[in-house]
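Chemist: Got a predicted structure plus its sequence, pasted below:
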Amino acid sequence: MTLHDTYDSTNIFAKILRGEMPAVKVYEDDTALAFMDVFPQAEGHTLVIPKDVEARNLLEMPPEKLGPYMLAVQKVTKAVEAALKPDGLVVTQFNGAPAGQTVYHLHFHVIPRNEGVPLGRHGAGGMADMGELEKLAVKIRAAV
Ligand code: 5GP
């Protein structure tokens, strides 16, 4: 997938937004939805996606919707920090396949980091246990 292409409404995050695919959700408002990454690079890896946009990446996000979306990204980052108390957090976002993007609906990754715990490889980890994701989600929801 190149950086510039048409939005494919069958992408997995669009399906999650439409309720066609399940997700372990932690936060939702008018602008954004946050849920646990099923192939986490670290415990508590959370994704924040914008609603009601066909933006494949940051470049395509309508500017007037960017501010409210980024507020949601910060809110979820604060909740992950408060819930899991990591030593640090990576907040990141990829644009285009050569940059590492694999799902073409804009999203920010919120990844807790702890001293001495290596970061799992992006897009190469195993699938998480849904029960374990739900336990983490309960803590994050309570902290939002
Ligand atoms: P990207 O590679 O596009 O930056 O990130 C896509 C992310 O979506 C990856 O971290 C990947 O683990 C996650 N992911 C892929 N498919 C699913 C899915 O079906 N459900 C959830 N919750 N996450 C997914």
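Modeler: Ah, there it is.
Chemist: Contact residues of this structure facing the ligand?
Modeler: Residues of the chain lying close to the ligand (CB under 6 Å from any ligand atom) are 12, 23, 35-39, 47, 94, 100-103, 123. Using the backbone N, CA and C atoms, a C-beta is placed for each residue, glycine as well.
Chemist: Make a ChimeraX selection of the buried ones in the residues you listed.
Modeler: Restricted to buried positions by 16 or more other CB atoms under 10 Å, the ChimeraX selection for these reads:
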select :23,35,36,37,38,47,94,101,103
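Chemist: Grab the most central residue of this protein for me.
Modeler: The centre of the chain sits closest to Leu47, judged by CA atoms, centre = their mean, with a distance of 1.1 Å.
Chemist: and stretch 39-48, average pLDDT?
Modeler: Mean pLDDT, computed over stretch 39-48, is 97.
Chemist: ok, Thr10 - contacts?
Modeler: By CB atoms under 8 Å, 6 or more residues apart in numbering, the contact list for Thr10 is empty.
Chemist: For it, pull up the helix or strand it's in.
Modeler: If you go by DSSP states H and E, Thr10 is not part of any helix or strand.
Chemist: Tell me how far it lies from the ligand.
Modeler: Separation of Thr10 from the ligand (CB to the nearest ligand atom, to the nearest Å): 13 Å.
Chemist: for that residue, phi and psi?
Modeler: phi -100, psi 10 (degrees, to the nearest 10).
Chemist: So which of the residues of the chain next to the ligand are in helices?
Modeler: Ile12 (DSSP state H).
Chemist: Among the residues of the chain next to the ligand, which pair sits farthest apart?
Modeler: Greatest spatial distance among these (CB to CB): Ala23 and Gly100, at 21.0 Å.
Chemist: And the helices in this protein, which stretches?
Modeler: Secondary structure of the chain (DSSP H): helices at 12-18, 63-84, 130-143.
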